[in-house]
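# Need a 3D model of the sequence below.
(one chain, ligands or ions: 2)
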Amino acid sequence: MVLRECGICQSSVYPTEATTTCPKCGLTFHAECWRENWGCAAYGCEQVNVLKPRDANEPVVEELPPPIVTETERLPGDFVLLGAAAIALLASALSYGVPSLLVGLGIGWRAIKKKIWRDPKIFASRPILAAAAGLVLLGFAGGIVVSTFWWHRE
Ligand SMILES: [Zn+2]
Ligand SMILES: [Zn+2]
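Ligands and ions are numbered 1, 2, ... in the order given. Just a heads-up that it's a prediction; the model follows:
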């Protein structure tokens, strides 16, 4: 015995099947169809999409992970100074360590600006900057020695 037709899947609804009757328009649907259809299928019925999650209609806004400001911001500058310190190390050999001194001033300025000179673990937290400072000291001291020998050799 056929009761009626499901308005969603257009097939017969048998009395043995679980049904859902729309509380607004009174149409009967398979309970499963009602769920999968998010509610009634009658055009203009208030129960259309009544089961649909509210935010399923809205476009999904992808949440970008918060930028890691400290890491991305601090590293390039440190690497630039490290590169400058390496170049200055070579240039200082014949110029009494002046290039290394200039890079050292840059490192000092950066350390003061970033307030990292107060950090007791500066060498652990800023290894790149610490390495640059080491190159600067090496370039400055080595530059004076090498330049003295170079320009005063007879
Ligand atoms: Zn159905
Ligand atoms: Zn309805």
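# What residues does this structure have near ligand 1?
Cys6, Ile8, Cys9, His30, Cys33 (C-beta under 5 Å from the ion). Using the backbone N, CA and C atoms, a C-beta is placed for each residue, glycine as well.
# Tell me the spacing between the last one and ligand 2.
Put plainly, it is Cys33. 12 Å (C-beta to the ion, to the nearest Å).
# For the helix or strand harbouring Glu32, buried residues please.
Here Glu32 sits within helix 31-36, counting by DSSP states H and E. Neighbour counts over helix 31-36 (16 or more other C-beta atoms under 10 Å) mark Cys33, Trp34 as buried.
# Other residues contacting it?
Cys6, Ile8, Cys9, Glu17, Ala18, Thr19, Thr20, Cys40, Ala41, Leu51 (C-beta atoms under 8 Å, 6 or more residues apart in numbering).
# again, but for stretch 88-100
Residues contacting stretch 88-100 (C-beta under 8 Å, 6+ apart): 85, 87, 101-103, 135-144, 146-148, 150-151.
# What of stretch 134-150?
Contacts of stretch 134-150 (C-beta under 8 Å, 6+ apart): 82, 85-86, 88-90, 92-101, 103-104, 107.
# quick one: which of the residues you listed sit in helices?
82, 85-86, 88-90, 92, 98-101, 103-104, 107 (DSSP state H).
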